[in-house]
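Participant: Make a model of this:
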Amino acid sequence: CLFVKFDFDGTQQKLRVCETVLPNDFFLTGCYDEFMENARLLMFESFCRIHHSVGISVLAEKLNMDVDDAEKWIVNLIRNARMDAKIDSQKGVIVMGTQNVSPYQQVIERTKTSGTCAHKLFERLRWEKSIDTELWTSSNLHVY
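Facilitator: Here you go, the predicted structure:
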């Protein structure tokens, strides 16, 4: 797929649903914080790939966070070197570092695993066919 439609509003709604469902689910309660952190990180990275500069208030709204909490969260991401960005506190804007990825490189990244998947599928089919053949040849049907 070379064209991707990002639905951040739909994602924001689903994130709100997750905020209410996960704490009430017996099996998922333990991973609530980790899930929310990773979901926000994924949304943030996707949003920042599209936009060169992002308002902290807009980003806080998209991540379902308070503005102050969002700013602290982003500062921690920058400190931990997980992203290349600078914060302009006076303007309330995050300016992303330049990471221009060519369309050619994007296609390579998206199709990198398809060769491995095709090979695994081929091996699986060949294995199943060999099992099938063994069953038919080894089952000597004797008719008396």
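Participant: Give me the most central residue, this structure.
Facilitator: Closest to where the C-alpha atoms of the chain average out (CA atoms, centre = their mean) is L42, at 5.4 Å.
Participant: Could you identify the helix or strand that succeeds the helix or strand harbouring that residue?
Facilitator: Secondary structure from DSSP states H and E places L42 in helix 32-50. Counting by DSSP H and E, the next helix or strand C-terminal to helix 32-50 is strand 53-55.
Participant: Need the contact partners of that next one.
Facilitator: Contacts of strand 53-55 from elsewhere in the structure, counted by CB atoms under 8 Å, 6 or more residues apart in numbering, are F47, C48, G92, V93, I94, V95, M96. (C-beta placed from N, C-alpha, C; glycine too.)
Participant: burial of the second one, as a residue count?
Facilitator: Going back to what we said before, that points to C48. C48 is flanked by 20 other residues according to other CB atoms under 10 Å.
Participant: ditto for the first one
Facilitator: Residues lying near F47 (other CB under 10 Å) number 18.
Participant: Just confirm it contacts A60, I think it does.
Facilitator: No: assessed by CB atoms under 8 Å, F47 is found out of contact with A60, at 11.6 Å.
Participant: Against L121, how distant is I108?
Facilitator: I108 sits 21 Å away from L121, going by CB to CB, to the nearest Å.
Participant: roughly how far out does the longest helix along the chain sit from the chain middle?
Facilitator: Counting by DSSP state H, the longest helix found in the chain is helix 114-138. Put simply, helix 114-138 sits 31 Å off its chain's centre (CA atoms, centre = their mean, to the nearest Å).
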